[in-house]
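**Student:** okay, structure incoming, though there's no sequence with it:
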């Protein structure tokens, strides 16, 4: 019994240390964002005891260009998320329910894309955007990501666990293929679609590489790209940078706060079968 308690205490200590390591960067970001010129302080205690201010947040939110970056990120992430929900469901349903020539080979090809590093396709994709004249446009930030191999695989595995009897009954009642997909399959896939939506939104919200490559005008830059302009050649504006990063992290924190039950439900759905 004593050994059991020792193991439990050791596990909780380890989890506490890991949690502390994850929370500390967030605490550090908030602390620096509430200080005016935080780089002037010599040590942590001096920084902690110095006066607090929300001037950095006021300056950041009052900047028109920051608002443009924020709205661009929100617009791009929302459209890409919506596209993944629709197109990944259609493709995944085809792989799960339809029989056609080369189905297995095509599905393996889709999965193979997951192991390709993004940097490998960086130059070909950039050349494609140049040929389409999509540089400095929302098309380059949205169209290439409207459907993803991860979303196809995730939904295909989930749809495969749904009994076909429901679809057969709908067909007997005269339901068409699109009605079955959008009015029957998608509602049944709500838990996993929630997971895909959150994963896709956060991935695009935090995306930096391709928005940085495809945009050179402020009107199309997203928030992660915009935050890099607080990094100067000789110095870094830590206060405003951390304030901007805090505002950028706020939607991520709110999503996890309000949708954590859906995330857990979606990730565990299908794990147990009767």
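**Tutor:** Thanks, I have the structure now. The structure presented is a predicted model; accordingly, all values stated were derived computationally and were not measured.

**Student:** residue 180 contacts residue 169, doesn't it?
**Tutor:** No - applying Cβ atoms under 8 Å, one finds residue 180 not in contact with residue 169, separated by 10.3 Å. In short, each C-beta sits where N, CA and C put it, glycine included.

**Student:** who has more neighbours, those two?
**Tutor:** More neighbours surround residue 180 than the other of residue 180 and residue 169, with 18 against 11 (other Cβ atoms under 10 Å).

**Student:** looking at this, that one is in a strand?
**Tutor:** No - according to DSSP: H, G, I helix; E, B strand; the rest coil, residue 180 belongs to no strand; its state is helix.

**Student:** from residue 238, how far out is it?
**Tutor:** 54 Å (Cβ to Cβ, to the nearest Å).

**Student:** residue 157 too?
**Tutor:** For residue 157, the distance to residue 238 equals 44 Å [Cβ to Cβ].

**Student:** who has more neighbours, those two?
**Tutor:** Between residue 157 and residue 238, counted using other Cβ under 10 Å, the more crowded position is residue 238 (18 against 14).

**Student:** helix or strand right after the longest helix along the chain?
**Tutor:** Longest helix of the chain, by residue count under DSSP state H: helix 64-97. Later in the chain than helix 64-97, the nearest helix or strand by DSSP states H and E is helix 103-112.

**Student:** same for the next helix or strand after that next one, what does it pack against?
**Tutor:** Next helix or strand after helix 103-112 toward the C-terminus (DSSP H and E): helix 122-131. Contact here means 3 or more Cβ pairs under 8 Å, 6 or more residues apart in numbering; DSSP states H and E; on that basis helix 122-131 packs against helix 209-214.

**Student:** give me the contacts around the very next helix or strand once past the helix it packs on.
**Tutor:** Using DSSP H and E, the helix or strand that follows helix 209-214 in sequence is helix 223-227. Contacts to helix 223-227, defined as Cβ atoms under 8 Å, 6 or more residues apart in numbering, come from residues 65-66, 68-70, 72-73, 205-208, 211-212, 215, 218, 241, 244-245, 248.

**Student:** helix 223-227 - what's its average pLDDT?
**Tutor:** Averaged over helix 223-227, pLDDT sits at 88.

**Student:** now stretch 242-258
**Tutor:** The pLDDT scores in stretch 242-258 average 84.

**Student:** which other residues reach that stretch?
**Tutor:** Stretch 242-258 has contacts (Cβ under 8 Å, 6+ apart) with 26, 29-30, 32-33, 38, 56-57, 59-61, 66, 70, 73-74, 198, 201-202, 205-206, 223-224, 226-227, 230, 263.

**Student:** closest to the centroid, which residue in the protein?
**Tutor:** Centroid-nearest residue in the chain: residue 202, 1.9 Å away (criterion: Cα atoms, centre = their mean).

**Student:** for residue 238, see how far away that one is.
**Tutor:** Distance, residue 202 to residue 238, using Cβ to Cβ: 25 Å.

**Student:** try residue 61
**Tutor:** Counting by Cβ to Cβ, the gap from residue 61 to residue 238 is 17 Å.

**Student:** next one: residue 44
**Tutor:** To residue 238, residue 44 is 14 Å away according to Cβ to Cβ.

**Student:** one more: residue 220?
**Tutor:** As for residue 220, its distance to residue 238 is 27 Å (criterion: Cβ to Cβ).

**Student:** grab the nearest non-local neighbour of residue 196.
**Tutor:** Nearest residue to residue 196, sequence neighbours excluded (Cβ to Cβ, 6 or more residues apart in numbering): residue 151, at 5.2 Å.

**Student:** now that neighbour: which helix or strand?
**Tutor:** Per DSSP H and E, residue 151 falls inside helix 149-159.

**Student:** whichever strand or helix holds residue 201 versus helix 64-97: what angle between them?
**Tutor:** In this assignment (DSSP H and E), residue 201 forms part of helix 190-205. Orientation check (axes from the mean of the first three to the mean of the last three Cα atoms, to 10 degrees): helix 190-205 against helix 64-97 gives 140 degrees.

**Student:** list the buried residues for helix 190-205?
**Tutor:** 191-205 (16 or more other Cβ atoms under 10 Å).

**Student:** next: stretch 203-223.
**Tutor:** Within stretch 203-223, the residues that qualify as buried are 203-205, 207, 210-211, 213-215, 220-223, counting by 16+ other Cβ under 10 Å.
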